[in-house]
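# the sequence isn't on hand, but the structure is:
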Ligand code: SAM
C-alpha cells in the first residue's frame, strides 16, 4: 500500500515536471532544476517514463508531422590532426587504415544518394589538412550546381571564421560541430591540452553568426560525464539554441585511451533525446548510428523518443569499415543508403514516413 502510494506520488511529480518542460522548455532555476533533471534521468517509474517519451513524440509530430528526414552521410576522410581520447580516427591510432575520397568519388556518392531520394548530403571527416579550403569549396560548388535542390551539411571540425565563411559562400547550408561537453574540466579529460572548449564554443557562435543552420551535441555516457556535466550541456544548448543536436552513446574503440571504458546506455540516450526535444521543440534530432549500434532497434526507439532524422551511410562500401570512430560500428542493412527501402519499412511499422526532402529547420 505504502509503496503504491510512493509510486503514485513519484508519477505525479514526474508528470508535473514534464508538463512544465512542455510549456516553459526549461527546468526550475538553480539547484531545484538540477534535481528535476536528475529525477527524469534516474526514475524507474514506468508511467512517468512513458509519459516523457509520449510528450516528446507528440511535440515533434506537432511541428514536423509523422515524417522522418533522411541525410546521406559521406565519411570522406579518416585522417585527423586531433587526438581526442575517445575517437578511433585520432591521429595517434596507427592501427587503422587511413583513406580519403577523391573529389569525383564524393560527387559519385551524391549522385547515388540523389537517386535513392536523399536531398541532404552530410560531408563528415577528420580534420585533414589535405582538404584545403579551396578543395572543400570546389566540392561544395560542384555538389550545389549538380543538385541545386539539395542541402549540404559539413562536419569537419574546428576551422577559422574565414574558412567557415568561404564554405558558406560556396554553398554549405548547415554545420555540425558537437560541443562534446559544456563543462571545462570534463572537456579537458576528453581532449589533449591543445584543444579547448572555449575554441569549440567560439566556432559554434561563428557558424551561427555566418548564417549556417548549426548543430551541437555530445556523447551520452562519455568517460567522466556526471549528472552535473549533463545538466550543463542542457543549459548550454538552451542558450545556444541549435538547429540540430547530435547525441548518441559513447562506444569505446579498443585502440584509443578510452578503449576499456564503459559504453553509454540506450536507456539514458532515449531519455535525453526526449528531454532535448521538449526543451527545444523545433530541433532537428537524429537517431544516430551509435544508437543503432548499441541496440538492434535503436533507430526506431530513438524516433519514438522524439528523434526525427536518420543518417544512412552513403560512403563507398569499401571504406565504410575504416571510419571506425568506435568498435562494432554498423554500416550495412538499414544503416547503409542501399538499405533505404528496409529503413523506410521499419519506419512505417512505427507509423512514420521517410520523405525525399531537404528537411530544413522549421
Ligand atoms: N572532426 C569532426 C568533428 O570534430 O566534429 C567530425 C568527425 S568526429 C569523428 C564526429 C563525432 O563522432 C564527434 O563529435 C564525437 O562526438 C563522435 N565520436 C567520436 N568517437 C566516438 C565514440 N567512441 N563513440 C561515440 N561517438 C564518437
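That came through fine. Because the structure is a prediction, the values reported are computed rather than measured.
# the stretch 201-350 of the chain against the ligand: which residues are in contact?
Counting by CB under 6 Å from any ligand atom, the stretch 201-350 of the chain comes close to the ligand at 219, 248, 250-251, 253, 290, 325-326. To be clear about C-beta, it is placed using only N, CA and C from the backbone, and glycine gets the same treatment.
# so how many other residues sit close to residue 120?
Neighbours of residue 120 under the rule other CB atoms under 10 Å: 23.
# that one and residue 154 touch, don't they?
No: using CB atoms under 8 Å as the test, residue 120 is too far from residue 154 to be in contact (11.5 Å).
# between the two, what contacts are shared?
Contact criterion CB atoms under 8 Å, 6 or more residues apart in numbering; residues shared by residue 120 and residue 154: residue 174.
# quick one: secondary structure of the residue in the stretch 1-150 of the chain that the ligand sits nearest to?
Nearest residue of the stretch 1-150 of the chain to the ligand: residue 87, at 3.8 Å (CB to the nearest ligand atom). Following DSSP: H, G, I helix; E, B strand; the rest coil, residue 87 is assigned to coil.
# what's the separation between it and residue 34?
Computed as CB to CB, to the nearest Å, the residue 87 to residue 34 distance reads 29 Å.
# again, but for residue 300
When residue 300 is compared with residue 34 (using CB to CB), they lie 31 Å apart.
# give me the more crowded residue out of these two.
residue 300 (22 against 19).
# how far away is the more buried one from residue 42?
24 Å.
# what's stretch 340-353 in contact with?
With CB under 8 Å, 6+ apart as the test, stretch 340-353 has contacts from 66-68, 70, 116-117, 299-300, 303-304, 310, 312, 333-334, 354.
# in it, what's buried?
340, 343-344, 346-347, 352 (16 or more other CB atoms under 10 Å).
# quick one on the thing from earlier: any chance of the residues of the stretch 201-350 of the chain next to the ligand in JSON lines, plus secondary structure and neighbour count?
Converted to JSON lines, those look like this (DSSP: H, G, I helix; E, B strand; the rest coil; neighbours: other CB atoms under 10 Å):
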{"residue": "219", "secondary structure": "strand", "neighbour count": "26"}
{"residue": "248", "secondary structure": "strand", "neighbour count": "27"}
{"residue": "250", "secondary structure": "coil", "neighbour count": "24"}
{"residue": "251", "secondary structure": "coil", "neighbour count": "24"}
{"residue": "253", "secondary structure": "coil", "neighbour count": "24"}
{"residue": "290", "secondary structure": "helix", "neighbour count": "23"}
{"residue": "325", "secondary structure": "coil", "neighbour count": "23"}
{"residue": "326", "secondary structure": "coil", "neighbour count": "24"}
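# a markdown table please, covering the residues you listed and showing pLDDT.
A markdown table is the format used below for these (pLDDT from 0 to 100):
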| residue | pLDDT |
| --- | --- |
| 219 | 98 |
| 248 | 97 |
| 250 | 98 |
| 251 | 97 |
| 253 | 98 |
| 290 | 95 |
| 325 | 95 |
| 326 | 94 |
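# farthest-apart pair in the residues you listed, please.
248 and 253 (13.7 Å; CB to CB).
# one step back: so what's the residue of the stretch 1-150 of the chain closest to the ligand closest to, chain neighbours aside?
residue 325 (5.7 Å; CB to CB, 6 or more residues apart in numbering).
# and for residue 232?
Nearest residue to residue 232 in three dimensions, chain neighbours excluded: residue 182, at 4.4 Å (CB to CB, 6+ apart).
# now the lengthiest helix in the chain: average pLDDT?
Ranked by residue count and defined by DSSP state H, the top helix of the chain is helix 2-24. Mean pLDDT, helix 2-24: 91.
# buried ones in that helix?
For helix 2-24, by 16+ other CB under 10 Å, it's 10-11, 14-15, 17-18, 21-22.
# who does that helix touch, helix- and strand-wise?
helix 30-42, helix 46-64, helix 266-279 (3 or more CB pairs under 8 Å, 6 or more residues apart in numbering; DSSP states H and E).
# list the contacts of residue 195.
82, 84, 187.
# mind putting those into CSV with distance to the ligand?
Converted to CSV, those look like this (distance: CB to the nearest ligand atom, whole Å):
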residue, distance to the ligand
82, 7
84, 7
187, 12
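# which of the residues you listed are buried? Put it as a PyMOL command.
If you want just the buried ones from those in PyMOL, going by 16+ other CB under 10 Å, the selection is:
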select buried, resi 82+84+187
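# which of the contacts of residue 195 fall in strands?
Judged by DSSP state E, the subset of these located in strands is empty.
# nearest to residue 281 among the contacts of residue 195?
residue 187 (27.8 Å).
# element containing the spatially most central residue of the chain?
By CA atoms, centre = their mean, the mean C-alpha position of the chain lies nearest to residue 246, the distance being 1.7 Å. Using DSSP states H and E, residue 246 falls within strand 244-249.
# that strand: how far from the chain's middle?
The chain centroid and the centroid of strand 244-249 are separated by 3 Å under CA atoms, centre = their mean, to the nearest Å.
# same for that strand, what does it pack against?
strand 174-176, strand 213-220, helix 266-279, helix 289-294.
# paired strands for the shortest one, with orientation please.
According to DSSP bridges, strand 174-176 has the following sheet partners: strand 151-155 (parallel), strand 213-220 (parallel).
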